[in-house]
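Trainee: Predicted model, plus sequence, below.
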Amino acid sequence: MNIQTNLNKIISLSLVSLTATSLSFATVTPAKVAFAQSGGRSVSPDTINTGMNGTWNLDWKVNGWLHRGRLTINGNFGTIIVNATPPNGQTVHAKQEISIVPDQNGYTLQGSTPTYPGSNQINPKYQPDTFYVKSDGNGGWRMENCSNYHGCIRVNMTKLPW
């Protein structure tokens, strides 16, 4: 056998192996599709709370830090940009994507990993926010920030005109 014959055999075997591998991948189909869910809950495809749609100014104070946020909700998702100012005046800015999840007596607004507004760069100086919202019984809303402050902090909410 010469080198050309050996080369032809190697190429032929490679093509047969490649074809067999491709066919085996093409015939594998998953029996069941699974979706990850946090805490056994998922975000409904229907709007959970249309009363939260719009833009809201939020403010709350934690350990001397004044937090001011602009929350925009449309359906089950939104964004919030927070400016957190400590007593020394060095403001920290953070943007988060928000998702709304139904809870026992209200709704949880869960923030994503904070980034610097206007970029996708993670802001390590700000932790994600978790807000709890429930009806106040008079057609309005009560909000608390429950973001690992050893309890929840009351948040002042003001809805802006659309």
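Mentor: Structure's in. What do you need? Numbers count the residues shown, from 1 in each chain.
Trainee: burial count for Gln96?
Mentor: By other C-beta atoms under 10 Å, the residues close to Gln96 number 24. Using the backbone N, CA and C atoms, a C-beta is placed for each residue, glycine as well.
Trainee: Distance of it relative to Asn120?
Mentor: Gln96 is 12 Å from Asn120, where distance means C-beta to C-beta, to the nearest Å.
Trainee: got a list of contacts for stretch 143-158?
Mentor: Residues outside stretch 143-158 that contact it (C-beta atoms under 8 Å, 6 or more residues apart in numbering) are 56-63, 67, 111, 127-133, 141-142.
Trainee: Just the mean pLDDT for that stretch, thanks.
Mentor: Regarding stretch 143-158, the rounded mean pLDDT is 90.
Trainee: Measure how far that stretch is from the centre of its chain, please.
Mentor: From the chain centre to the centre of stretch 143-158 is a distance of 18 Å (C-alpha atoms, centre = their mean, to the nearest Å).
Trainee: sorry, back to before: just the buried ones from the contacts of stretch 143-158, in ChimeraX syntax?
Mentor: Remark: buried members of those, expressed as a ChimeraX selection using 16 or more other C-beta atoms under 10 Å:
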select :56,58,60,67,111,129,130,131,132,133,141
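Trainee: what stretches of this structure score poorly on pLDDT?
Mentor: Residue ranges of the chain with pLDDT under 70: 1-47, 149.
Trainee: so where do the strands sit in it?
Mentor: Assigned by DSSP state E, the strands in the chain fall at 54-62, 65-74, 77-85, 92-102, 107-111, 130-135, 141-145, 153-160.
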